[in-house]
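Undergrad: test case, fold it:
(one chain, ligands or ions: 1)
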Amino acid sequence: MDSFEFNKIAMSVLGVIFIVMSLNFVSDGIFHSEVPEEPGYLIEVAESSGGEAEEDTGPAYEPIAALLANASVEAGQGVAKRCAACHTFEQGGANKVGPALYGVVNRDIASVDGFGYSGALTEYGNGKQWTYDELNGFLWKPKTYVKGTSMGFAGLKDVEDRADIVAYLRSLSATPAPLPDPEAAAADTAEETANEGDAANTENAEEEAPANAEATESEASGESDASQNPEASESDEGSAETENSEAGSDNTPAQEGAASEEQPASEEEGASQ
Ligand code: HEC
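TA: Prediction:
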């Protein structure tokens, strides 16, 4: 009889488990839900602490210097609508949540009278101006660029938006600041990102570099006999061309064969310098 009781209990437990599992199975089939790739909500204002770890690992922002020449003041005026809740742009405009922005380009950072800047921006701006580069970085992600700023704005991810708004800010002056030197801008661009549009300038800027590289290479091959002389090849890596020529004269007695080949090489070098 005991075992009969036990069987009843065991059967009912198993039965419940079976029913729960099949319910689960059936409801999964009916209410199948997929996790969306992007969350349906976006939080605009980043807190100064927490949630920043992710922000920091983002890719560095692109430079705007090369884009400024072709940036659109009108488009920038459109972008400025996103700032208008907190900033005024007209001459003599008042401070709102943020300081008045008329004439901000090349103005000292955190310098508008009567505005209560955050300690973070005041400290960051010590001795600095709002150059194009500074504006570009700040407007990219204010809270990342100046940790602790009170500007509650997520930033302008699109490099063209940033170029346009900065072009607009630049126009807000009786004497707009000069645009960045296009060649410097191109060099900037070549360094940080390959940006089309300035391909021609970029090539010019790079012309010199390969020439030098060739010179060092041909030296290196001239001294391929340097394998006999590990010191010489080490100083090669040191990159200093003058070291090489020194090494050449030092080594002359040691490697008679190579000496004649080396001599012209180091003379050429002297000429090119
Ligand atoms: C939610 C309000 C808010 C929005 C939106 C906002 N800002 Fe600001 N902005 C501020 C505050 C507040 C400060 C002062 C920051 C500090 O003291 O750390 C500031 C500071 C600045 C400064 C530094 C000015 C100075 O005198 O040093 C610039 C430049 C600036 N904002 C540009 C912009 C631009 C351009 C936009 C739109 C793309 C924008 N801001 C959107 C609130 C805002």
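Undergrad: check what pLDDT the nearest residue to residue 119 once chain neighbours are set aside gets.
TA: Excluding its sequence neighbours, the residue lying closest to residue 119 (Cβ to Cβ, 6 or more residues apart in numbering) is residue 148, at 7.2 Å. C-beta: built from backbone N, CA, C; applies to glycine. Note for residue 148: predicted pLDDT of 96.
Undergrad: ok, residue 148 - how many residues close by?
TA: 13 (other Cβ atoms under 10 Å).
Undergrad: same thing with residue 99?
TA: Residue 99, neighbours per other Cβ under 10 Å, totals 24.
Undergrad: verify the stated contact: it with residue 113.
TA: No: using Cβ atoms under 8 Å as the test, residue 99 is too far from residue 113 to be in contact (9.4 Å).
Undergrad: what's the domain layout of the chain?
TA: Domain assignment for the chain by automatic domain parsing gives 60-180, 199-267.
Undergrad: ends of the first one, what's the gap?
TA: The separation between the terminal residues of domain 60-180, taken as Cα to Cα, to the nearest Å, is 20 Å.
Undergrad: that one and the ligand in contact?
TA: Yes: using Cβ under 6 Å from any ligand atom, domain 60-180 reaches the ligand at 79, 82-83, 85-87, 97-99, 101, 104, 109-112, 117-118, 120-121, 130, 135, 139, 149-153, 156, 165.
Undergrad: what sits against residue 125?
TA: 108, 109, 110, 111 (Cβ atoms under 8 Å, 6 or more residues apart in numbering).
Undergrad: and of those residues, the nearest to residue 64?
TA: residue 109 (17.7 Å; Cβ to Cβ).
Undergrad: where does the stretch 1-150 of the chain have low pLDDT?
TA: 1, 36, 38-59 (pLDDT under 70).
Undergrad: 50 instead?
TA: 50-54, 58 (pLDDT under 50).
Undergrad: that one: helices as residue ranges?
TA: 2-30, 52-56, 65-68, 73-79, 119-124, 132-140, 142-145 (DSSP state H, counting those that start in this stretch).
Undergrad: export those as a markdown table, with columns for mean neighbour count and distance to residue 175.
TA: Shown next, in a markdown table, are those (neighbours: other Cβ atoms under 10 Å; distance: least, Cβ to Cβ, whole Å):
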| stretch | mean neighbour count | distance to residue 175 |
| --- | --- | --- |
| helix 2-30 | 9 | 69 |
| helix 52-56 | 10 | 37 |
| helix 65-68 | 23 | 17 |
| helix 73-79 | 16 | 16 |
| helix 119-124 | 16 | 25 |
| helix 132-140 | 21 | 16 |
| helix 142-145 | 20 | 27 |
